[in-house]
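Student: fold the following, please.
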Amino acid sequence: MKVGIVQIFDGTEGRGVEHVREFAKHVEHCGFDSLWVPDHVVFFDNYQSKYPHTDDGAIQFKANQGILEPAMTLLEAALVTDRIRLGTSVEIVTERHPVIRAKELATLDMVSKGRVEYGIGVGWSVEEYAALGISFDDRGKRCDEWILAMRELWSSKRSNFSGEFVSFENAIFFPKPTSGRIPIVIGGNSPAALTRVAKLGDGWHGWKLSLDEVAEKLVEIDLKLAKFGRTREQVKLNVGLPFKGDLRDLADYRDGLVKLGIDEMVVAMGMSRTRFKEQISDLATALGI
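Tutor: Residues are numbered from 1 along each chain as shown. Modelled structure (predicted):
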């Protein structure tokens, strides 16, 4: 099984660009397969919106929480690594214009020699969408359209797309991705997200699920894939886990994912700005990497 790491780089003292580079180099040095970064454009002191991954819908951010822009962060990682895949876990795709984001991702793909995996979601924060002047209610329809529009730009010499939210005709868009396609990995556990996995996804990025919950989601994914004439072999499956505790428990969880047929486990752990190399090495040792 492949194993990756999710890490927040927030730009605070000791966690800037140099930290990104050193962190990425050590992730690769220790034998991990991928490095993933999260996304939010803005934060707020208080939310009316409900976070989907806690029982009470609340989420605790730092008082002055920040996150470095995902593609720029991964560009720094790409410049100092040769092997690890570079992904977003996950980017709120509908908060960017698809033509511009397609160009930025194609550039990142060129620099990294085809190592980009674009993990996307539609987000949960009404407040964030409002700050950007973007409709929250139709984000699902926009997401599906964004995926198709970006794939058209990445694949055609003269790109044409006509949608409800974005349209272009005979657009000249270069460079193209190294392999002609950047994998789009759909994040989320909801029925809508799993439908999007089955219909449009190159992969699934589940989040914060027990092994029993993963098994249940896989049944749902298989049923939805069949509906769209696809099979699980056409979709890479990874599960992200925010983790605190005994690393031996994490190894047990990894073994359970292997039995379920998951392709990759992505671990989100808080790591010290001074001890991160030791912590990454300990994680690799615990997982037998």
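Student: and the strands in the stretch 51-200 of the chain, which stretches?
Tutor: For the stretch 51-200 of the chain, applying DSSP state E, counting those that start in this stretch gives strands covering 85-88, 91-92, 116-121, 159-162, 167-171, 184-187.
Student: just how off-centre is the second one within its chain?
Tutor: By that I understand strand 91-92. Relative to its chain's centre, strand 91-92 lies at 7 Å (CA atoms, centre = their mean, to the nearest Å).
Student: elements contacting it?
Tutor: Other helices and strands packing on strand 91-92, by 3 or more CB pairs under 8 Å, 6 or more residues apart in numbering; DSSP states H and E, are strand 116-121. Just so you know, the C-beta spots here come from the backbone N, C-alpha and C atoms, and that holds for glycine as well.
Student: what sits up against the strand it packs on?
Tutor: For strand 116-121, contacts defined as CB atoms under 8 Å, 6 or more residues apart in numbering pick out 34, 36, 74, 85-93, 105, 108-109, 143, 147, 177, 182-188, 193, 203, 205.
Student: for the residue nearest to Met271 when sequence neighbours are not counted, give me its contacts.
Tutor: Using CB to CB, 6 or more residues apart in numbering and skipping residues adjacent in sequence, the residue nearest Met271 is Gln279, 4.8 Å away. Residues near Gln279 by CB under 8 Å, 6+ apart: Met269, Met271, Ser272.
Student: now Val6
Tutor: So, once contact is read as CB under 8 Å, 6+ apart, Val6 ends up touching Trp36, Val37, Pro38, Ser89, Gly240, Val266, Val267, Ala268.
Student: pLDDT and neighbour count added to those residues, as TSV?
Tutor: As requested, those are exported to TSV (pLDDT from 0 to 100; neighbours: other CB atoms under 10 Å):
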residue	pLDDT	neighbour count
Trp36	98	25
Val37	98	27
Pro38	97	20
Ser89	98	27
Gly240	98	23
Val266	98	24
Val267	98	22
Ala268	97	20
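Student: take those residues and write them to a markdown table, including secondary structure.
Tutor: Formatted as a markdown table, the contacts of Val6 follow (DSSP: H, G, I helix; E, B strand; the rest coil):
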| residue | secondary structure |
| --- | --- |
| Trp36 | strand |
| Val37 | strand |
| Pro38 | coil |
| Ser89 | coil |
| Gly240 | strand |
| Val266 | strand |
| Val267 | strand |
| Ala268 | strand |
